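**Q** Could you look at this predicted model? Sequence included:
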Amino acid sequence: MRSDLPIAIGLVVPPSCSSSFRMAYKSKKLEFDIKSLFAGANISRLLLISNKVFTVWFFFLYCVAECIQNKNFNMRSKIELEYNLNCSPRVLFSRLRTPEGLSEWFADKVNVNGDLFSFYWNRSESKARLSAVKENKLVRFEWVGNPNKESNYFEFRINIEELTGGLALIITDFAEADEKEDSIYLWDNQIQDLKRLLGSN
């Protein structure tokens with residue numbers, strides 16, 4: 001192989017990424033001559049270019065991962081579930097709003113720092129920010145780190161039937177199509193724990 005042939009190393013962001021990503025990373029090309037690079041005086045230049053190539057590829061992989069995550073999150077569908085409970089709004093609200101109440105049925109452990117809640121299941125941890133509260137009526141949490149504001153939350157809403165006075169807990173959540181049934185099954189089990197806690201079976 002001739003040593004005086006140039007090698008071109010290029011990076012093009014796939015068209016599935018957003019326009020902002022394409023503008024930021026499109027057509028980044030580094031061209032160099034092997035013969036001049038391996039001259040003793042240009043070793044530092046070779047190391048510098050290698051470092052740039054690594055950095056560009058790292059950014060490229062990060063870009064692709066973000067595009068995939070955004071695409072998957074945008075495909076989440078809304079779930080709305082309703083459960084009848086035999087208790088007062090005040091008693092139920094304390095189980096939805098406080099870390100002590102949530103740790104009794106929703107998660108194995110709950111910590112809070114200001115409006116930031118940390119939920120623990122087994123050894124996994126998820127963080128959500130308390131974004132809306134209406135006393136004895138509504139509690140909403142927004143998951144931290146999820147990009148889509150329209151589907152990154154879950155919500156508890158307490159509804160009182162005007163005619164009968166019956167209380168219903170309405171849960172709003174989001175799940176991908178292939179995880180919807182599992183999400184509903186999980187909520188059903190958690191609400192059974194909540195009903196036992198409230199003596200509402």
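**A** That came through, no problem. Residues are numbered from 1 along each chain as shown.

**Q** can you pull out the helices in the protein?
**A** For the chain, applying DSSP state H gives helices covering 19-25, 34-37, 43-74, 89-97, 99-102, 180-198.

**Q** hey, least reliable of those by pLDDT?
**A** Across those, helix 19-25 has the smallest mean pLDDT, namely a mean of 43.

**Q** tell me what the top strand by length along the chain is packed against?
**A** Secondary structure of the chain read by DSSP state E shows that its longest strand is strand 124-134. Other elements packing on strand 124-134 under the criterion 3 or more Cβ pairs under 8 Å, 6 or more residues apart in numbering; DSSP states H and E are strand 116-121, strand 138-143, strand 153-160. The way it works is simple: take the backbone N, C-alpha and C, and place the C-beta from them, glycine included.

**Q** Count the neighbours of the residue lying closest to residue 182 once chain neighbours are set aside for me.
**A** Once flanking residues are discounted, residue 182 sits nearest to residue 175: 7.6 Å by Cβ to Cβ, 6 or more residues apart in numbering. Counted with other Cβ atoms under 10 Å, the neighbours of residue 175 add up to 19.

**Q** Pretty sure residue 175 sits against residue 187.
**A** No. In this structure, residue 175 is not within contact of residue 187 by Cβ atoms under 8 Å, at 10.0 Å.

**Q** Spit out the residues that contact these two alike.
**A** Shared contacts of residue 175 and residue 187 (Cβ atoms under 8 Å, 6 or more residues apart in numbering): residue 79.

**Q** and the protein, what are its domains?
**A** With domains defined by automatic domain parsing, the chain comprises 6-73, 76-198.

**Q** The last one spans what distance, first to last residue?
**A** Pointing back at domain 76-198 there. 32 Å (Cα to Cα, to the nearest Å).

**Q** try stretch 96-110
**A** 12 Å.
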